[in-house]
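Chemist: following is a predicted model, sequence given first.
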Amino acid sequence: IIIGAVLGGAVQDFVILFASMRRDGKSLGQIAREEVGTVGGFTALVTVLLIMIILLAVIALVVVNALRGSPWGTFTIAATMPIALWMGIYLRYIRPGKVLECSVMGFALVVLSIFGGQWVAESSTWGPVFSFGAMGLAVAVIIYGYCASVLPVWLFLAPRDYLSTFIKLGVVLALGVGILFVRPELQLPAFTRFVDGTGPIFAGKIFPFCFITIACGAVSGFHSLISSGTTPKMIARESHAYPVGYGAMLMESFVAVMAMIAACVLQPGVYFAVNSPAGVVGSTPAAAVATISNWGFPVTVADMTNLAKAVGEQTLFYRTGGAPSLALGMAAIFARGGGGQAVLGFWYHFAIMFEALFILTIIAAGTRVGRFMLHDLMAQFSRPTAKKMTGIVGVNVVSLVVVAAWGYFLVQGVRDPLGGINSLWPLFGISNQLLASVALCVATTIVLKMHGPKFMWITCGPLVWLLSATFTAGWQKIFAPEPALGFLAHANQLEQAMRRSPSATTAAL
């Protein structure tokens with residue numbers, strides 16, 4: 001994580017941000033077309049758009065799995081939306097320029113929404129209203145993505161991102177202090193039996209899949225889309241590219257380290273019960289704990305029931321995606337720092353809100369960037385048509401197309417008996433690293449044109465590593481003979497099962 005962020009992720013973010021600022025805020029696809037060439041640029045534009053769709057679907061699935069059947073969490077996240085709208089109106093019309101005043105008010109309202117979520121969860125009237133299944137939440141996230149991409153930046157995106165950024169920074173720094181203060185013992189071993197590639201959450205050996213799974217914690221191709229096209233339009237001066245481009249990625253690597261510690265604080269049996277999909281460990285709690293205990297990580301139904309009750313949830317089984325396990329670890333660390341079990345539920349849902357805000361911010365910005373990219377792609381075929389689509393109607397139509405594209409994959413992930421994450425997260429990691437490879441190719445071209453080969457090793461080093469790990473993972477995910485790893489082998493297994501028993505296979509799917 002540390003090496004990847006310092007030498008790879010932060011370098012990519014900074015160089016692409018700098019390049020976009022020097023080119024009037026152009027997107028990565030536009031820069032690639034100008035710097036690499038027409039054919040290469042067009043290929044990069046199409047590839048980046050397709051990768052973007054996969055990225056948005058997977059991170060949306062993480063939110064769905066975290067909030068499924070959780071009225072407390074759902075209400076808290078829903079409440080942040082009108083809070084952001086109010087902040088936007090407050091700063092634009094009521095008290096322009098009073099940023100600190102608005103920030104304090106917004107943070108206070110967000111904290112109140114967490115306590116309000118607890119009241120909602122305990123209410124027999126309102127609890128069922130905010131208790132959604134996975135499909136209902138998927139639809140809600142799709143609607144959110146559309147609305148966030150078409151609303152003016154000042155009204156929703158800017159105040160929401162601003163508020164969530166300070167919450168994220170505060171929580172992560174507090175978690176770091178909490179870890180140093182509490183000094184929790186790591187429960188997960190350095191290596192488990194799943195180093196052989198048979199893991200229940202992600203199949204595949206350490207190389208290359210450790211590096212694909214980490215994704216944004218070390219290097220994120222998605223960042224190149226935001227640091228080109230979007231960030232340059234909101235940055236005050238060029239010197240700010242240092243903390244915004246390079247420094248922000250270092251902070252994200254710090255988040256990744258804190259997340260790993262928080263997850264490892266959990267008992268291994270609890271960790272696997274939360275993160276393993278029903279299609280792997282069994283569709284009932286009894287079957288799940290039996291499977292996990294047989295792996296050598298003992299856990300009981302009573303343990304999981306008591307833990308769910310302590311954090312104010314109905315169940316914690318099958319919460320794939322990592323967000324709930326991270327929240328459990330963070331809540332345990334904060335609770336040990338003061339308050340004990342009495343505040344475990346508050347800290348758990350505060351952590352869920354922190355993670356969901358982070359992800360929903362990505363969805364809002366990503367969908368907007370996807371709209372820009374689709375406009376760019378349309379301009380390659382017909383500039384008059386693309387120009388017509390820049391009006392209000394065109395913006396809504398293009399946004400609908402982008403949202404429908406990633407929404408389709410989100411729905412398929414919700415329907416997946418393996419929890420969606422098992423299949424989609426490797427695609428997410430591979431796509432994300434491929435996008436980073438494209439960005440580093442463009443960055444290398446820019447550095448070569450500016451300075452010749454003198455400094456090209458700065459971007460070529462991480463590029464070579466990304467290509468080796470990502471292409472290896474991509475090849476294995478397609479052609480590996482093991483059904484748990486190779487997509488084609490898995491599809492063949494399902495096809496054979498359907499021939500033997502069509503009705504049972506259809507019901508399972």
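Modeler: Structure's in. What do you need? Residues are numbered from 1 along each chain as shown.

Chemist: end to end on stretch 190-207, go ahead and measure it.
Modeler: 16 Å (CA to CA, to the nearest Å).

Chemist: next, the buried residues of that stretch.
Modeler: Of the residues in stretch 190-207, those buried under the neighbour-count criterion (16 or more other CB atoms under 10 Å) are 194, 197, 199-204. For the C-beta atoms, the positions are set from N, CA and C on the backbone; glycine is no exception.

Chemist: turn the residues you listed into JSON lines, including distance to residue 48.
Modeler: Compiled in JSON lines, the buried residues of stretch 190-207 are given as follows (distance: CB to CB, whole Å):
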{"residue": "194", "distance to residue 48": "33"}
{"residue": "197", "distance to residue 48": "30"}
{"residue": "199", "distance to residue 48": "30"}
{"residue": "200", "distance to residue 48": "32"}
{"residue": "201", "distance to residue 48": "28"}
{"residue": "202", "distance to residue 48": "25"}
{"residue": "203", "distance to residue 48": "27"}
{"residue": "204", "distance to residue 48": "25"}
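
Chemist: output stretch 321-340 as CSV, nothing but the C-alphas.
Modeler: Provided in CSV are the C-alpha atoms of stretch 321-340 (Å, rounded to 0.1, in the frame of the first residue of the first chain):
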residue,chain,number,x,y,z
GLY,A,321,-18.1,-5.6,0.1
GLY,A,322,-15.9,-4.7,3.1
ALA,A,323,-17.8,-1.7,4.4
PRO,A,324,-19.6,-3.4,7.4
SER,A,325,-16.4,-5.2,8.5
LEU,A,326,-14.5,-2.0,8.4
ALA,A,327,-17.2,-0.3,10.3
LEU,A,328,-17.2,-3.1,12.9
GLY,A,329,-13.5,-2.8,13.4
MET,A,330,-13.6,1.0,13.6
ALA,A,331,-16.5,0.9,16.1
ALA,A,332,-14.6,-1.6,18.3
ILE,A,333,-11.5,0.6,18.4
PHE,A,334,-13.5,3.8,19.2
ALA,A,335,-15.6,2.0,21.8
ARG,A,336,-12.5,0.8,23.6
GLY,A,337,-11.3,4.4,23.7
GLY,A,338,-14.3,5.3,25.8
GLY,A,339,-18.0,4.4,26.3
GLY,A,340,-17.7,0.6,25.8
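
Chemist: may I see the buried residues of that stretch?
Modeler: 321-337.

Chemist: burial count for the closest residue to residue 212 other than its chain neighbours?
Modeler: What sits nearest to residue 212 in space, not counting adjacent residues and going by CB to CB, 6 or more residues apart in numbering, is residue 429, at 3.5 Å. The number of residues packed near residue 429 is 27, by other CB atoms under 10 Å.

Chemist: now name the helix or strand holding residue 429.
Modeler: Element membership for residue 429 (DSSP states H and E) is helix 421-451.

Chemist: how distant is that helix from the center of its chain?
Modeler: 16 Å (CA atoms, centre = their mean, to the nearest Å).

Chemist: now find how far off-centre stretch 303-312 is within its chain.
Modeler: 26 Å.

Chemist: buried stuff in it?
Modeler: So, applying 16+ other CB under 10 Å, buried residues of stretch 303-312: 304, 307-308, 310-312.

Chemist: can you list contacts of it?
Modeler: Outside stretch 303-312, the residues within contact range by CB atoms under 8 Å, 6 or more residues apart in numbering are 72, 118, 121, 267, 269-270, 273, 285, 289, 314-317, 328, 331, 341, 344-345, 348-349.

Chemist: filter those down to just the ones in helices.
Modeler: 72, 118, 121, 269-270, 273, 285, 289, 328, 331, 344-345, 348-349 (DSSP state H).

Chemist: out of these, which one sits closest to residue 262?
Modeler: For these, the closest approach to residue 262 (CB to CB) belongs to residue 328, at 7.9 Å.

Chemist: for the residue nearest to the spatial centre of the chain, list the residues it contacts.
Modeler: Nearest to the geometric centre of the chain sits residue 59, at 3.8 Å (CA atoms, centre = their mean). Counting by CB under 8 Å, 6+ apart, residue 59 touches 359, 362-363, 428.

Chemist: and those residues, which two are furthest apart?
Modeler: Longest span within the contacts of residue 59, CB to CB: 363 and 428, 13.4 Å.

Chemist: on that earlier part again, could I get the ones in helices among the contacts of stretch 303-312 in JSON lines, plus columns for distance to residue 31?
Modeler: Formatted as JSON lines, the ones in helices among the contacts of stretch 303-312 follow (distance: CB to CB, whole Å):
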{"residue": "72", "distance to residue 31": "44"}
{"residue": "118", "distance to residue 31": "48"}
{"residue": "121", "distance to residue 31": "47"}
{"residue": "269", "distance to residue 31": "49"}
{"residue": "270", "distance to residue 31": "46"}
{"residue": "273", "distance to residue 31": "46"}
{"residue": "285", "distance to residue 31": "51"}
{"residue": "289", "distance to residue 31": "52"}
{"residue": "328", "distance to residue 31": "42"}
{"residue": "331", "distance to residue 31": "42"}
{"residue": "344", "distance to residue 31": "48"}
{"residue": "345", "distance to residue 31": "47"}
{"residue": "348", "distance to residue 31": "42"}
{"residue": "349", "distance to residue 31": "41"}
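
Chemist: drop anything exposed from those.
Modeler: Applying 16+ other CB under 10 Å to these, the neighbour count classes 72, 118, 121, 269-270, 273, 285, 289, 328, 331, 344-345, 348-349 as buried.

Chemist: just the closest of the residues you listed to residue 39, please.
Modeler: Among those, residue 328 lies closest to residue 39 (CB to CB), at 49.0 Å.

Chemist: and the helices in the stretch 51-200 of the chain?
Modeler: Taking DSSP state H, counting those that start in this stretch as the test, the helices found in the stretch 51-200 of the chain are 71-89, 99-122, 134-150, 158-182.

Chemist: in PDB, could you pull the C-alpha coordinates for the first one?
Modeler: Which is helix 71-89. The C-alpha trace of helix 71-89 is given here as PDB (Å, rounded to 0.1, in the frame of the first residue of the first chain):
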ATOM      1  CA  PRO A  71     -33.100   1.400   8.700                       C
ATOM      2  CA  TRP A  72     -30.600   3.200  10.900                       C
ATOM      3  CA  GLY A  73     -27.900   3.400   8.200                       C
ATOM      4  CA  THR A  74     -30.400   4.100   5.400                       C
ATOM      5  CA  PHE A  75     -32.000   7.000   7.300                       C
ATOM      6  CA  THR A  76     -28.600   8.500   8.200                       C
ATOM      7  CA  ILE A  77     -27.400   8.500   4.600                       C
ATOM      8  CA  ALA A  78     -30.700   9.700   3.200                       C
ATOM      9  CA  ALA A  79     -30.600  12.700   5.700                       C
ATOM     10  CA  THR A  80     -27.200  13.900   4.400                       C
ATOM     11  CA  MET A  81     -28.800  14.700   1.000                       C
ATOM     12  CA  PRO A  82     -31.200  17.400   2.200                       C
ATOM     13  CA  ILE A  83     -28.500  18.700   4.500                       C
ATOM     14  CA  ALA A  84     -26.200  19.100   1.500                       C
ATOM     15  CA  LEU A  85     -28.900  20.900  -0.500                       C
ATOM     16  CA  TRP A  86     -29.500  23.200   2.400                       C
ATOM     17  CA  MET A  87     -25.800  24.000   2.700                       C
ATOM     18  CA  GLY A  88     -25.700  24.800  -1.000                       C
ATOM     19  CA  ILE A  89     -28.600  27.200  -0.800                       C
END
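
Chemist: tell me the buried residues in it?
Modeler: Buried-residue list, helix 71-89, by 16+ other CB under 10 Å: 71-80, 83-84, 86-88.

Chemist: the last one too?
Modeler: By neighbour count, and taking 16+ other CB under 10 Å as the criterion, the buried residues in helix 158-182 are 158-164, 167-168, 171-172, 175, 178-179, 182.

Chemist: nothing else from me, thank you.
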